[in-house]
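**Student:** pasting a predicted model and its sequence here:
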Amino acid sequence: MAGLIKREDIDEVRQRTDIKEVVDGYVTLKGAGLGSYKGLCPFHDERSPSFTVRPQVGRYHCFGCGEDGDVISFVQKLDHISFHEAVEKLAHRIGFELHYEDGGSGPNREDIGRRQRLLDAHKVADEFFRAQLLTPGAAEGRNFLYGRGFDRAAAEQFGVGYAPQGWDALLKHLRGRGYTDAELKLTGMFSEGGRGIYDRFRGRLIWPIRDIAGDTIGFGARKLYEDDQGPKYLNTPETALYKKSQVLYGIDLAKRNIAKDRQLVVVEGYTDVMACHLAGVPTAVATCGTAFATDHIKIARRLLSDDGTGGEVIFTFDGDAAGQKAALRAFEEDQRFVAQTFVAVEPTGADPCELRQSKGDSAVRDLISSRRPLFEFAIRATLKRHNLDTVEGRIAALRESAPVVAQIRDAGIRPAYARELAGWLGMPVEEVSRAVGAATKRAAQAASAGPGGGQGHVQGAGTGRGQGSGQSHGQGAGSGRGYVGPGPGVAPLPPSAVLPSYNRPDPRDPVAAMERQALEVVLQEPGMLEGETWQRFSDARFSTPAYLAIHEAIRATGLASTGDPVRWVEQLLQEVPEPLRPLVSELAVVPLPASTPEGAQRYCRDILARLFELQITRVKAEKMGQLQRLDASADPEEFQRLNRELMQLEMQRRSLRSDA
């Protein structure tokens, strides 16, 4: 085994990597104040963005679930790899050569992480397939593409390739690149028989399936020849990289436009994605041989920033029974979205690829524009299952369709669709409205009786900036057992971070609020601690136990790294007691209330001035007490000394106010 990566190299990778750029590959981030960005947390399901990234200090923190860390831990957690592998991946990203404690050049082939080896093998295979599409043997594949309106430029844009006929073309190629059969078995690109492994994809057109970061993790293969006894489409089986329920084909190409346009179009196949993008609908993606389900929704919601401020998800389905069934499955998941959900079905049953072939690009755009609400489609599909010419059929249709109307989230739209349903059924509006109302009530009762129903919430007030209050969910919060309080408008630390030796700061205590704000400034703008300011801050007395411990850690860390906020925060995290690290991370990323660099500087100066003024006030009170207890006639020199010191303290206080 190769030695450990040198500490200074880890620090260099952390410092030189733009955490926002990395996080942007997984989460749609929006500006949230000067130097701060917010998005939906990739670590838990949420409707309001609480995941905050602050590039200046190189950290992220979720104010909803408490997840926090630096760019290395982010990659480690999201890609499910080791710390060692995450550092190597980021070093490769920025072109930085790592050095190891054993003096070597890093791990050899056997020591490289399994995931990275799999990714590398897929990259090599991707390049191989694309090169094969240009060979004489791939004429049938090129004809297939041309016949569906895709030229060479389109094939290159989507990375379409060709798997040669035969049993071992790819196998020989990857073996020649140094991959062992044991490694190749893990890729899903090979089948195994009595004589060993052989190519899984043979004589087929190939589409690379990539993750949101753009890494190829699997392949989809389309049958071309009549003598091919396999299915029409053959995908990579489940592997360590490829989980079909978590993959959306085209997401790497569509993610930027999805975030920009607040729109996600879900189609059914690889050629449909290509047709949509080429026709001017660059927000199209497709599932890979499975229904659009919970894990896909999590990806979509993060990209859409599905926070209740707009956005739409449009499903395109064939007009046949299978397409209707798929649409109704999608409707069952509708409640997981805040974005509006729609369905676009071409009356003739043509898919986007066929539509583009027969009627051109504009027809594809018109199909998406003709979308209608998914719940309307679901209601009409329900009615089609009943004979509305009979009383019995209409009653049965009402019983089945009323719960569908009851599922409409927008309470303002629901009555309107109850009236529409009455018209479609030919029944009195009052009767249909009663049925919908009863279904709505039953749904509400079922929801309140479900998991977590009736559990209380503990409120955590803000710290005096007028930014609202935080909420703590779960057991133990607010029980007075030393739980560190929340920041402004955020949830408190998770239960795992309960601090038995620190009292929870009283959010109504102005001193605790002042101390917290001062620590936010110092952690995010350590350059403010220059010269006399450092000495004043170092001498300051913090009274809130949790904040006192952080202040002591800052004093112990010293000024050596204040010119580099990333290194400053990292060193501080090593100094504070471990249970306080989430709080430090939170303080380091919470947005400061300023919209310009000048405003931020003024705010920081003002906060530190208020902290120092608070210290002066404390010292003045102590000396005033001494003065009052002193007999001036018995000790006139001491009386004069205390008076001089009080005068100097007052001058310092006025000077601070003047500067602020």
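**Tutor:** Happy to help now that I have it.
**Student:** can you list contacts of the helix or strand that H92 is a member of?
**Tutor:** Here H92 sits within helix 83-94, counting by DSSP states H and E. For helix 83-94, the external contacting residues (C-beta atoms under 8 Å, 6 or more residues apart in numbering) are 4-5, 9-10, 13, 16-17, 22, 71-73, 75-76, 79, 81, 97-98, 106, 113, 115-116. C-betas here are computed from N, CA, C, even on glycine.
**Student:** now do 6 Å
**Tutor:** With contact meaning C-beta atoms under 6 Å, 6 or more residues apart in numbering, helix 83-94 is reached by I5, I10, V13, R16, T17, I72, V75, Q76, L98, G113.
**Student:** same check, this time on stretch 26-40
**Tutor:** By C-beta under 6 Å, 6+ apart, the residues outside stretch 26-40 that reach it are 20, 42, 46, 49, 51-54, 56, 78, 259, 302-303, 305, 591, 594-595, 600.
**Student:** still on that earlier bit, restricting to C-alpha, output the helix holding H92 in CSV.
**Tutor:** Output in CSV follows, covering the C-alpha atoms of helix 83-94 (Å, rounded to 0.1, in the frame of the first residue of the first chain):
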residue,chain,number,x,y,z
PHE,A,83,-11.2,10.5,2.1
HIS,A,84,-8.1,9.3,0.3
GLU,A,85,-10.0,8.9,-3.0
ALA,A,86,-11.7,12.2,-2.6
VAL,A,87,-8.4,14.1,-2.2
GLU,A,88,-7.0,12.3,-5.3
LYS,A,89,-10.1,13.1,-7.3
LEU,A,90,-10.0,16.8,-6.5
ALA,A,91,-6.2,16.9,-7.1
HIS,A,92,-6.8,15.4,-10.5
ARG,A,93,-9.5,18.0,-11.1
ILE,A,94,-7.2,21.0,-10.5
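**Student:** heading C-terminal from it, find the next helix or strand.
**Tutor:** Counting by DSSP H and E, the next helix or strand C-terminal to helix 83-94 is helix 114-132.
**Student:** could you list the buried residues of stretch 158-166?
**Tutor:** The neighbour-count check on stretch 158-166 (16 or more other C-beta atoms under 10 Å) flags F158, G159, V160, G161, Y162, A163, P164, Q165 as buried.
**Student:** which residues of the stretch 301-450 of the chain score low on pLDDT?
**Tutor:** Within the stretch 301-450 of the chain, the stretches with pLDDT under 70 are 305-310, 318-339, 447-450.
**Student:** show me where it has strands.
**Tutor:** Ranges of strands in the stretch 301-450 of the chain, per DSSP state E, counting those that start in this stretch, are 312-316, 340-344, 372-373.
**Student:** what's around the closest residue to P415 other than its chain neighbours, how many residues?
**Tutor:** Spatial nearest neighbour of P415, excluding adjacent residues (C-beta to C-beta, 6 or more residues apart in numbering): S433 at 6.9 Å. Using other C-beta atoms under 10 Å, S433 is surrounded by 18 other residues.
**Student:** quick one, helices of the stretch 501-650 of the chain?
**Tutor:** Under the criterion DSSP state H, counting those that start in this stretch, the stretch 501-650 of the chain contains helices at 510-524, 532-539, 545-557, 565-575, 581-589, 597-629, 636-659.
**Student:** ok, which of those helices comes nearest T294?
**Tutor:** helix 581-589 (27.9 Å; C-beta to C-beta).
**Student:** please export the C-alpha coordinates of the closest one as CSV.
**Tutor:** C-alpha atoms of helix 581-589 as CSV (Å, rounded to 0.1, in the frame of the first residue of the first chain):
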residue,chain,number,x,y,z
ARG,A,581,-17.4,21.7,15.3
PRO,A,582,-20.9,21.8,13.7
LEU,A,583,-21.5,25.1,15.4
VAL,A,584,-18.2,26.5,14.1
SER,A,585,-19.1,25.4,10.6
GLU,A,586,-22.5,27.1,11.0
LEU,A,587,-20.9,30.4,12.2
ALA,A,588,-18.5,30.2,9.3
VAL,A,589,-21.1,30.1,6.5
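**Student:** chain center to it, what's the gap?
**Tutor:** How far helix 581-589 lies from its chain's middle: 19 Å, per C-alpha atoms, centre = their mean, to the nearest Å.
**Student:** confirm Y162 sits in a strand?
**Tutor:** Yes: per DSSP: H, G, I helix; E, B strand; the rest coil, Y162 lies within a strand segment.
**Student:** go ahead and confirm it touches L134.
**Tutor:** No: counting by C-beta atoms under 6 Å, Y162 stays clear of L134, with 8.5 Å between them.
**Student:** on that earlier part again, may I see the buried residues of stretch 158-166 organised as CSV, with pLDDT and distance to E515 added?
**Tutor:** Output for the buried residues of stretch 158-166, formatted as CSV (pLDDT from 0 to 100; distance: C-beta to C-beta, whole Å):
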residue, pLDDT, distance to E515
F158, 97, 56
G159, 97, 55
V160, 98, 60
G161, 97, 61
Y162, 98, 66
A163, 97, 64
P164, 97, 69
Q165, 94, 73
